[in-house]
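K.L.:
Pasted the sequence and its predicted model underneath.
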Amino acid sequence: MRAWVSYSGRLAPVQSVHIKPQVSGRIEKVLFAEGDLVKQGQSLFVIDLRPHQAQVQQAKAQLTTAQSRARLAGDELARVSQLIEKKLVAQSVYDTALSNQQVSDAAVLQAQAELDQAALNLEYAQIKAPISGRISRAELTRGNLVDAGASAPILATIVANDKLFAEFNVDESSYLRFVRNVKTASEMPVE
């Protein structure tokens, strides 16, 4: 015969997420209602896209400029390389052309990184659900300005509803009694 003991407990979600903005701007849209079931990847908020789209365009222009300068530096290096072989220019001219090529290549990498960051910020302006679950109310609504960073406000909270933990506290003497009387944890049923 098994002895049963009752404990007060509570149910807690396995996953819950506080939604915070990763870019600054004005909230343009709230795309859910309080208590909705949302799916992972579903759009929740839209922060004004225009500044981020402009940053992407600016970064594209900077990348194009850097690529053009790199091509020009490469052509110049090729010309100087031919002249240095024939000993028609000083070594310092070749060294300068080589340095210009390397600086131009680095500028292309930097411009590409800035474009990638601008594109990422544009993506972050469309806040999506990182998990599926039930969503709270929108803490900030359309028209509010939000800042990104450590002090970013919580916009909403999603609680996964597919799995739950049942948490309860067992006193030490009861736990030791249960452990001594069973060989494996599976022999200690919980309802």
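P.N.:
The structure has been received and is ready for your questions.
K.L.:
what stretches of the protein score poorly on pLDDT?
P.N.:
Applying pLDDT under 70 to the chain flags residues 1-3, 184-187.
K.L.:
ok, now with 90
P.N.:
Scanning the chain for pLDDT under 90 picks out 1-14, 84-87, 89, 149-150, 161-191.
K.L.:
For it, which segments count as helices?
P.N.:
For the chain, the helices defined by DSSP state H occupy 50-85, 91-124, 172-181.
K.L.:
buried ones in the longest one?
P.N.:
Across helix 50-85, burial judged by 16 or more other C-beta atoms under 10 Å covers 52, 55-56, 59, 62-63, 66-67, 69-70, 73, 76-77, 80, 84. Where C-beta positions appear, they are placed from N, C-alpha and C, glycine not excepted.
K.L.:
swap in stretch 94-109?
P.N.:
Buried residues in stretch 94-109, counting neighbours by 16+ other C-beta under 10 Å, are found at 94, 97-98, 100-101, 104-105, 107-108.
K.L.:
Kindly report the same for stretch 25-38.
P.N.:
Across stretch 25-38, burial judged by 16+ other C-beta under 10 Å covers 25, 27, 30-32, 38.
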